[in-house]
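Colleague: need a 3D model of the following:
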Amino acid sequence: MLYKAFKSILVFGILGITTGLFSISWAWEWDTMTVDTTQNNGIYGADIAVDSLNVPHVVYFISTKGLVYAKWDAIDSIWVREFFEDSAKSKNPGDSPSLAIDSKGYPRISFRGSGLGYAHKDSSGWHIEYPVGGSAEGTSIALDKNDYPHIGCVGTIAEGGIAIHAYFDGVGWTADVVDTIKGATPHCIAVCIDKWDTVHIAYGELWG
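Modeller: Prediction:
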């Protein structure tokens with residue numbers, strides 16, 4: 001099963017005096033929701049984001065079926081789920097999905113397939129692209145002020161591990177090599193964009 005949890009209620013605060021100074025400790029209570037009861041195992045990779053109305057959106061990968069996008073319907077109090085890429089297709093999407101919500105409330109998703117995959121939804125349905133071929137062992141997505149996607153992924157080349165930044169400029173995709181580390185194995189990556197639209201990337205490499 002896939003679960004979502006979030007901090008909801010401040011239960012209590014304690015104000016005490018320790019060595020002449022005030023110290024504050026807080027306790028939180030978590031609310032949990034079951035997003036998907038159809039799978040008891042085989043879920044690899046999940047990500048969550050909220051839109052401008054604070055509605056939660058979730059993406060996750062089911063190894064036997066493919067990639068699933070779910071959105072909370074507050075009116076009917078249910079999660080609305082849909083498969084947007086089937087693992088039986090030739091691109092064979094894998095784990096490591098990453099989710100962002102654009103200014104119109106639509107999902108933008110990066111994922112590992114036969115290379116780096118990118119999926120987005122609009123009023124006409126789902127659209128899927130593969131902007132980078134080759135190895136893509138992990139993904140992370142962020143949107144700039146124009147809602148253009150910036151995706152980080154890690155992979156392997158002959159020399160070792162590689163970190164890549166792929167972005168869409170409104171016309172096409174461009175991929176930059178962030179770093180290549182000889183003798184290393186790619187492990188993870190994370191992308192964020194600041195208020196000046198500067199891209200920041202953190203990544204990890206395993207040695208040995």
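
Colleague: what is the residue nearest the centre of the chain paired to in the beta sheet?
Modeller: When the chain is reduced to its mean C-alpha position, the closest residue under C-alpha atoms, centre = their mean turns out to be S98, at 1.8 Å. Taking DSSP bridges, one obtains S110 as the residues bridged to S98.

Colleague: how about the contacts made by it?
Modeller: Counting by C-beta atoms under 8 Å, 6 or more residues apart in numbering, S98 touches 47, 59, 109-111, 139-141, 151. From N, CA and C alone the C-beta is placed, and that goes for glycine too.

Colleague: export these to CSV and append columns for pLDDT and neighbour count.
Modeller: Below are these laid out as CSV (pLDDT from 0 to 100; neighbours: other C-beta atoms under 10 Å):
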residue, pLDDT, neighbour count
D47, 94, 20
V59, 95, 24
I109, 96, 27
S110, 94, 31
F111, 91, 30
T139, 91, 31
S140, 95, 23
I141, 97, 24
I151, 96, 29
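
Colleague: returning to that earlier point: now do the residue nearest to the centre of the chain, the pLDDT please.
Modeller: What the model reports as pLDDT for S98 is 95.

Colleague: likewise for W26?
Modeller: According to the prediction, W26 has pLDDT 61.

Colleague: same question for the one 10 residues further on.
Modeller: Looking at D36, its pLDDT is 86.

Colleague: now it: how far from I193?
Modeller: Applying C-beta to C-beta, to the nearest Å, one obtains 30 Å for the distance of D36 from I193.

Colleague: which intervals of this structure have sub-threshold pLDDT?
Modeller: 1-27, 40-41, 86-94, 158, 185-186, 205-208 (pLDDT under 70).

Colleague: what are the buried residues along stretch 166-182?
Modeller: In terms of neighbour count (16 or more other C-beta atoms under 10 Å), stretch 166-182 has its buried residues at 166-168, 173, 178, 181.

Colleague: same deal with stretch 141-149?
Modeller: The neighbour-count criterion (16+ other C-beta under 10 Å) identifies 141-144, 147-149 as the buried residues of stretch 141-149.

Colleague: send the alpha carbons of it over as CSV?
Modeller: Listed next in CSV are the C-alpha coordinates belonging to stretch 141-149 (Å, rounded to 0.1, in the frame of the first residue of the first chain):
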residue,chain,number,x,y,z
ILE,A,141,12.1,18.0,-11.5
ALA,A,142,11.5,21.7,-10.8
LEU,A,143,9.7,24.4,-12.8
ASP,A,144,10.9,27.9,-13.5
LYS,A,145,8.7,31.0,-13.7
ASN,A,146,7.5,30.1,-17.2
ASP,A,147,6.5,26.6,-16.0
TYR,A,148,9.4,25.2,-18.1
PRO,A,149,10.7,22.0,-16.6
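
Colleague: how far off centre is it?
Modeller: Taking the mean C-alpha point of stretch 141-149 and that of its whole chain, the gap between them comes to 13 Å (C-alpha atoms, centre = their mean, to the nearest Å).

Colleague: contact partners of it?
Modeller: Contact with stretch 141-149 is made by 98-100, 102-104, 108-110, 118, 120, 150-152, 167-170, 191-193, 197, 199, as judged by C-beta under 8 Å, 6+ apart.
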